[in-house]
Structure formats: C-alpha cells, structure tokens
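A.B. asks: Okay, predicted coordinates and the sequence, questions at the end:
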Amino acid sequence: VFTDPVLMCGPIIAEILSVPSVYFLRGLPCGMDFKAAQCPSPPSYVPRLFLNHSDSMTFAQRVRNMLLYMLEFVYCKPIYAPFEELAYEIFQRKVTAADLLSRGSVWLMRSDFVFEFPRPVMPNMFFIGGIHCDQKK
C-alpha cells in the first residue's frame, strides 16, 4: 500500500490485507514518524518542530526543547486517539498509532537532509527532497 500515513487509513488497510506499506510523507505531528521507525531522537540533540532551533542548542534552548518534548504527551494523545479507537474496533485488540506505523516497509520522506538539521534515521527511510522544486528559468 502506497500511502500518506497522516490519516492512518493506509496503515490500517495494509494491516488488514497483510501487505507491506510504503509511506510518502513530509512528517507526522509530534515526531510520530521517527518514534514509529524507532529512530533515536534525544531531546538534548534533536530540536522539536516549531522551535526553529539548530542541532547546536544553548542550555536554555535545550530546556525549552525538553519542556516541549514533555508536553507532546499531552497534546498528541487526542490527535491519534480516534485512529486507535478505529483500529481497536477492526482488530479487536489494543493497537497504538506507533504500532500501526512501525510496520511500514519504506519511508519516503519529502524533506531534504541538507535543509533539515542532522538527525539519525533508519536504513528504510529515504529523503526525496527535491521533488517539489521547479526547474530554474
């Protein structure tokens, strides 16, 4: 199943059909894409979204980054709760969003490693960042 996993319908269908899934995405809220792929993402090193920090943060930036990381547990639960309830109704067992996403075979990330901050990625994650660029006139 070739899908954008933001709405989680593709991963649920892939799980029902027991087929591999290929994810084509820019990113998921709360860093769920890197959590599901089991990428190391320590808050002292990897800046959180919307903070606009680089990978070399000051102590105050690291503290702010850690506070936002801890808040993700609060404001991310309502985002994925409806999909977890749907998966529970279908599979009749407790399934988290990270469990569904972790079964992705290939992750095609629509970002560019050059423009993003350096971060560890898994071998099945590929950056395909130049696909939205127009040819220079």
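C.D. replies: Yes, it's here.
A.B. asks: and the closest residue to Leu101 other than its chain neighbours, how far is that from Gln135?
C.D. replies: The shortest distance from Leu101 to any non-neighbouring residue, by Cβ to Cβ, 6 or more residues apart in numbering, is to Ala36 (3.4 Å). (C-beta placed from N, C-alpha, C; glycine too.) Taking Cβ to Cβ, to the nearest Å as the measure, Ala36 falls 34 Å from Gln135.
A.B. asks: quick one, which of the two is more surrounded?
C.D. replies: Taking neighbours as other Cβ atoms under 10 Å, Ala36 and Gln135 compare with Ala36 leading, 22 against 4.
A.B. asks: wait, doesn't that one sit right on Met122?
C.D. replies: No - counting by Cβ atoms under 8 Å, Ala36 stays clear of Met122, with 10.0 Å between them.
A.B. asks: Of all the helix elements in this protein, which one is longest?
C.D. replies: As assigned by DSSP state H, the longest helix anywhere in the chain is helix 59-75.
A.B. asks: next one: that one to chain centre, how far?
C.D. replies: 17 Å (Cα atoms, centre = their mean, to the nearest Å).
A.B. asks: Need the three-state assignment for the spatially most central residue of the chain.
C.D. replies: Centroid-nearest residue in the chain, with Cα atoms, centre = their mean: Asp33, separated by 1.7 Å. Following DSSP: H, G, I helix; E, B strand; the rest coil, we place Asp33 in the helix state.
A.B. asks: Contacts only, for it.
C.D. replies: By Cβ atoms under 8 Å, 6 or more residues apart in numbering, Asp33 lies in contact with 5, 23, 25, 27, 101, 107, 109.
A.B. asks: the strands in the protein, which residues?
C.D. replies: 2-3, 21-25, 104-109, 125-127 (DSSP state E).
A.B. asks: shaky segments in the chain?
C.D. replies: For the chain, applying pLDDT under 70 flags the ranges 113-117, 130-134.
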